[in-house]
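J.: Sequence first, then the predicted structure, then my questions.
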Amino acid sequence: NHNFFFYPAVKHPAVDFMLCQEESAALEYKFLHGFQFNGAFSTLVAFEAPEPFITLADLTKKILTLTQANQVGMVLLAESKGLWGMNLRQVPIQENKPMDGASIFEPEHFAEWMNFPIEPSEINHIVAASGLCVRDRQAAGPGFPALLGRDQDYHFHGAVFEQEPLTKNLEQFSHELKRVLTEMNVYKVQHVLGQSLFSSGLVGLIDLE
């Protein structure tokens with residue numbers, strides 16, 4: 001919804017954000033790297049998942065059965081029952097490159113570069129996330145699989161907000177999304193891993209060409 005949440009790669013990060021105001025909707029953000037999608041929601045979904053709850057990986061598989069599109073943009077607003085997320089500890093610029101020239105994802109550098117949990121966190125917190133999902137990687141458009149990562153059919157980033165009940169009314173999806181993004185306290189922004197658990201929430205799908 002044109003709002004921007006940022007989690008700096010510093011020792012003690014705190015979320016910074018810019019909220020889109022209708023009177024300044026023409027404001028342009030400039031990015032070095034990323035992906036975006038836009039369009040009207042083709043499908044809205046409300047879900048309830050009793051224990052053992054549902055993983056993000058399983059949720060994306062089930063959601064994809066509700067559309068004929070091969071690739072979709074997904075907006076998720078849900079209650080976490082154990083979030084597995086990760087974020088950078090350092091800015092990946094040339095000056096910070098490992099001295100041995102190895103990738104920051106190599107085991108010897110991973111802990112220095114990545115804030116990666118050893119157990120799930122943010123239980124009962126609200127998560128607002130957006131990402132890409134694909135049914136068939138081979139049939140996806142040029143460059144699309146590279147956005148998903150190796151052996152993944154989805155790629156999500158999300159913001160973690162405070163603990164508060166969510167509405168289950170699909171007709172209120174846009175209003176509820178705006179309420180969460182503009183009125184609730186935000187704690188972190190992370191890449192959301194597939195084993196993250198959710199109990200209930202709302203999902204909006206945008207079919208992508």
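T.: Received the coordinates, thanks. Residues are numbered from 1 along each chain as shown.
J.: which residues does the spatially closest residue to E112 that is not a sequence neighbour contact?
T.: Closest residue to E112 apart from its sequence neighbours, by Cβ to Cβ, 6 or more residues apart in numbering: R89 at 6.9 Å. In short, each C-beta sits where N, CA and C put it, glycine included. Counting by Cβ atoms under 8 Å, 6 or more residues apart in numbering, R89 touches 9, 11, 112-115.
J.: Check the offset of stretch 182-196 from the chain's centre.
T.: 7 Å (Cα atoms, centre = their mean, to the nearest Å).
J.: buried ones in it?
T.: 184, 186, 188-194, 196 (16 or more other Cβ atoms under 10 Å).
J.: Walking through this protein, point out its strands one by one.
T.: 4-6, 16-18, 43-48, 54-55, 71-82, 85-88, 114-115, 126-134, 154-161, 186-192, 197-208 (DSSP state E).
J.: By neighbour count, which of the contacts of R89 wins?
T.: W113 (18 neighbours; other Cβ atoms under 10 Å).
J.: Could you report the pLDDT at it?
T.: We have a pLDDT of 91 for W113.
J.: next one: S103
T.: 89.
J.: how many neighbours does P98 have?
T.: 13.
J.: Please report how far A129 lies from H155.
T.: 10 Å (Cβ to Cβ, to the nearest Å).
J.: Then Q36?
T.: From Q36 to H155 the distance is 12 Å (Cβ to Cβ).
J.: Compare A129 and H155 (neighbour count), which wins?
T.: A129 (26 against 18).
J.: residues in contact with the nearest residue to that one once chain neighbours are set aside?
T.: Spatial nearest neighbour of A129, excluding adjacent residues (Cβ to Cβ, 6+ apart): G158 at 3.0 Å. By Cβ under 8 Å, 6+ apart, the contact list for G158 reads 76, 85, 127-130, 189-190, 192.
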